[in-house]
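# Here is my input, please return the structure:
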Amino acid sequence: MKKKRPVLQDVADLVGVTKMTVSRYLRDPNLVSAALRDNIAAALETLGYIPNRAPDILSNATSRCIGVLLPSLTNQVFAELLRGVEGVTDSHGYQTMLAHYGYSPEREEERLTSLLSWNIDGLILAERQHTARTLKMIDVAGIPVVEVMDSASPALDMAVGFNNVEAARQMTRYLLAKGRRCVVYHGARLDERTRLKQQGYAEAMTEAGLTPRSTLTERASSYSLGAELLAQTLQAYPDTDAIFCTNDDLAIGAIYACQRRGLRVPQDIAVAGFHGLDPGQAMDPQLASVLTPREAMGRVAAELLLARLKGDAVTSSAIDLGFTLLPGASV
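Predicted coordinates for the structure are as follows:
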């Protein structure tokens, strides 16, 4: 049986005041005398009282909560993005309500339904592709929305990120400048950002008069998958002299697989990743990658939301935080 939680009346009885007095304290401790503040605080501590915010949410039509929908909770990219969000929300007295949907638009719709039921004040999304019902719910909710991870694609409201197409184009050009000619793109999940990077890669190859080649899978990224994709590429395109991966996981797996095959990196085959995560920067050879501003994206996205909630003017609805090419030693 579920244990009965202490209620407001329990706190009031312990202190010897009315429920209204305790309620005033919970809204703002300065609304009661200093002596009562100490007594109420001690009673709350003794009872282990947990505030029930549902009535306050219903009466005030606000929750001081920001909803954050992420496709993955294990991916370092989104963990750092969330750290940036909470660094801002925490300091402004807002809570984050987090949900993850495993890259499924239908599951994103389900999670959004739940978040909106809590009357969240704003929303941060990590994807641009949504179901029709998701779009309808966001429109009806009428709350500010920031979509992160890309700054160039059309956004519902506001956007914070970087240009995925341009980042991939520049990394491919870097590979070509190193003398590589048979560059193959490795992609997983085939989500929107994987496709955008593939577009940038293909544009750079075409500009150089070379044929774009891709090895793709809808499976989730991992080091072992990176090794599998390398094997598929070498079988399909034996003349491959460089691989550009949609993320560092695939790239690291490809490098390990090369080493097991006796292929030297970068002498025999160059390998580049995306996001500039710690494992790739700590390995030997150090992974060439595109460093993306994960924590900054979360921070700026939260700042935009809070500015809109305060009624401040937002001068730009799309903010490009840029990216940095990390040359590494694998190219």
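# lowest average confidence, helix or strand, in the protein?
helix 54-60 (a mean of 54; mean pLDDT, DSSP states H and E).
# my read: A43 touches V17, true?
No - counting by C-beta atoms under 8 Å, A43 does not reach V17; the two are 9.4 Å apart. (C-beta placed from N, C-alpha, C; glycine too.)
# More neighbours: those two, which one.
Neighbour count, other C-beta atoms under 10 Å: between A43 and V17, A43 has more, with 21 against 18.
# mind checking the SS state of the more buried one?
helix (DSSP: H, G, I helix; E, B strand; the rest coil).
# what sits against it?
11, 14-15, 49 (C-beta atoms under 8 Å, 6 or more residues apart in numbering).
# Just flag the most distant two among the residues you listed.
The most widely separated members of the contacts of A43 are V15 and Y49, with 11.3 Å between them, by C-beta to C-beta.
# phi, psi of the residue nearest to L291 when sequence neighbours are not counted?
Closest residue to L291 apart from its sequence neighbours, by C-beta to C-beta, 6 or more residues apart in numbering: G276 at 3.3 Å. Note on G276: backbone dihedrals following degrees, to the nearest 10 are phi 60, psi 40.
# Counting neighbours, what do you get for G276?
Neighbours of G276 (other C-beta under 10 Å): 22.
# Would you confirm that it contacts Q286?
No - the pair G276 / Q286 is not scored as a contact, 10.5 Å apart, by C-beta under 8 Å.
# so who does the residue nearest to L291 touch?
248, 289-292, 324, 326.
# now swap in A301 and tell me
So A301 contacts 84-85, 124, 146, 148, 158, 160 (C-beta under 8 Å, 6+ apart).
# Please narrow those to those residing in strands.
124, 146, 148, 158, 160 (DSSP state E).
# what pLDDT does the third one get?
I take that to be V148. pLDDT recorded at V148 is 97.
# Next one: it from S72, what distance?
13 Å (C-beta to C-beta, to the nearest Å).
# more neighbours, those two?
V148 (29 against 17).
# my guess is that one meets A159, correct?
Yes - counting by C-beta under 8 Å, V148 sits close enough to A159 to count as a contact (7.4 Å).
# Dump the contacts of G276 to TSV, plus secondary structure, pLDDT and distance to A242.
Formatted as TSV, those follow (DSSP: H, G, I helix; E, B strand; the rest coil; pLDDT from 0 to 100; distance: C-beta to C-beta, whole Å):
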residue	secondary structure	pLDDT	distance to A242
D248	helix	98	16
S289	strand	98	14
V290	strand	98	15
L291	strand	98	19
T292	coil	98	21
T324	strand	98	20
L326	strand	98	16
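# Can you show me the helices along the protein?
Using DSSP state H, the helices of the chain run over 8-15, 19-27, 34-47, 54-60, 76-89, 105-117, 132-141, 164-177, 192-207, 223-236, 248-261, 278-282, 294-309.
# Please name whichever of the ones you listed is nearest to L98.
Of all these, helix 76-89 comes closest under C-beta to C-beta, at 7.0 Å.
# If you count neighbours, what's buried in the closest one?
Buried residues in helix 76-89, counted by 16 or more other C-beta atoms under 10 Å: 76-78, 80-82, 84-86, 88-89.
# Also stretch 39-51?
Under 16+ other C-beta under 10 Å, the buried positions of stretch 39-51 are 39-40, 43-44, 49.
# With stretch 90-98 instead?
Here stretch 90-98 shows 94-98 as buried, counting by 16+ other C-beta under 10 Å.
# Can you give the domain ranges for the protein?
8-52, 63-162+294-322, 164-291 (automatic domain parsing).
# hang on, isn't K19 packed against A12?
Yes - if you go by C-beta under 8 Å, K19 and A12 touch, sitting 4.8 Å apart.
# quick one, what contacts the residue nearest to V85 when sequence neighbours are not counted?
If you skip the residues right next to it in sequence, V85 has G298 as its closest partner in space, 3.9 Å away by C-beta to C-beta, 6+ apart. Shown in contact with G298 (C-beta under 8 Å, 6+ apart): 80-88, 124, 148.
# Could you list the low-pLDDT ranges of the stretch 51-200 of the chain?
51-62 (pLDDT under 70).
# Thought A159 was touching I319, still the case?
Yes - look at I319 against A159 with C-beta under 8 Å: they come within range, at 7.0 Å.
# Who has more neighbours out of the two?
More neighbours surround A159 than the other of I319 and A159, with 26 against 21 (other C-beta under 10 Å).
# Next, the contact list for the more buried one, please.
A159 neighbours (C-beta under 8 Å, 6+ apart): 146-148, 150-151, 153, 317-319.
# Also V331?
By C-beta under 8 Å, 6+ apart, the neighbours of V331 are 174-175, 178, 180, 242, 266, 270-272, 288.
# Output those residues as TSV; include the columns neighbour count and distance to A254.
As requested, these are exported to TSV (neighbours: other C-beta atoms under 10 Å; distance: C-beta to C-beta, whole Å):
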residue	neighbour count	distance to A254
Y174	20	17
L175	25	14
K178	16	17
R180	21	14
A242	24	11
P266	22	12
A270	24	10
V271	31	5
A272	32	10
A288	27	12
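# Thanks a lot, see you next time.
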